[in-house]
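Asker: Give me the fold of what follows.
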Amino acid sequence: MLEQLRGVARDLIAARSALRSVMPAEFVNNPPIDLLYALFAADDQAMMVPPLITATGVSGPVARRWLDVLVDRDLVMERDGRVTLTEAGFVMAAEACQAIIESRTGAAGATLN
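Answerer: Model prediction:
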């Protein structure tokens, strides 16, 4: 099940990257979600800061501000340039990916039809 959830996170990262190629960045970027999904999809739910920032598609200072917010909200922890999901961050990302799976299958309820 975890691999399926991580696959959803990777798909969402790829979709946002594809959107950036055809839409203005400000229409697409959502740094805190991108940071959480990138960490969730990463081995051991951890990444070094530079590649994690690159995964967001935003500038370093913007990503840095959002990392600080995620640390303050106890969703990630940072030590020696390595960012790791906390248990709360892991649960949030997993639940978000599960909600997306359910939205695709209709398991969660009504659709927008």
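
Asker: hey, let's count contacts and neighbours off CA atoms from now on
Answerer: OK.

Asker: give me the number of residues near the residue lying closest to E87 once chain neighbours are set aside?
Answerer: Nearest non-adjacent residue to E87, counting by C-alpha to C-alpha, 6 or more residues apart in numbering: L75, 7.4 Å away. Using other C-alpha atoms under 10 Å, L75 has 20 neighbouring residues.

Asker: before we move on, what about G81?
Answerer: 10.

Asker: pretty sure it is touching A46, no?
Answerer: No - counting by C-alpha atoms under 8 Å, G81 sits too far from A46 to count as a contact (10.4 Å).

Asker: secondary structure element for M47?
Answerer: strand 46-48 (DSSP states H and E).

Asker: Any chance you could list what contacts that strand?
Answerer: Outside strand 46-48, the residues within contact range by C-alpha atoms under 8 Å, 6 or more residues apart in numbering are 39-40, 81-85.

Asker: buried set for the helix or strand bottoming out on mean pLDDT in the chain?
Answerer: Ranking every helix and strand in the chain by mean pLDDT, DSSP states H and E puts helix 25-28 at the bottom, with a mean of 87. The neighbour-count check on helix 25-28 (16 or more other C-alpha atoms under 10 Å) flags V28 as buried.

Asker: what does it rub up against?
Answerer: Here helix 25-28 makes contact (C-alpha under 8 Å, 6+ apart) with 16, 19-20.

Asker: quick check: mean pLDDT across the following helix or strand past it?
Answerer: Scanning forward in sequence from helix 25-28 by DSSP H and E, the next helix or strand is helix 31-41. The average pLDDT within helix 31-41 is 95.

Asker: so how far is helix 31-41 from its chain's centroid?
Answerer: Distance of helix 31-41 from its chain centroid, counting by C-alpha atoms, centre = their mean, to the nearest Å, is 2 Å.

Asker: In that helix, which residues are buried?
Answerer: 31-41.

Asker: For Q4, see how far away A55 is.
Answerer: 20 Å (C-alpha to C-alpha, to the nearest Å).

Asker: Spit out the contact partners of the residue nearest in space to the middle of the chain.
Answerer: Closest to where the C-alpha atoms of the chain average out (C-alpha atoms, centre = their mean) is Y37, at 2.1 Å. The neighbourhood of Y37, defined by C-alpha under 8 Å, 6+ apart, consists of 9-10, 12-13, 93.
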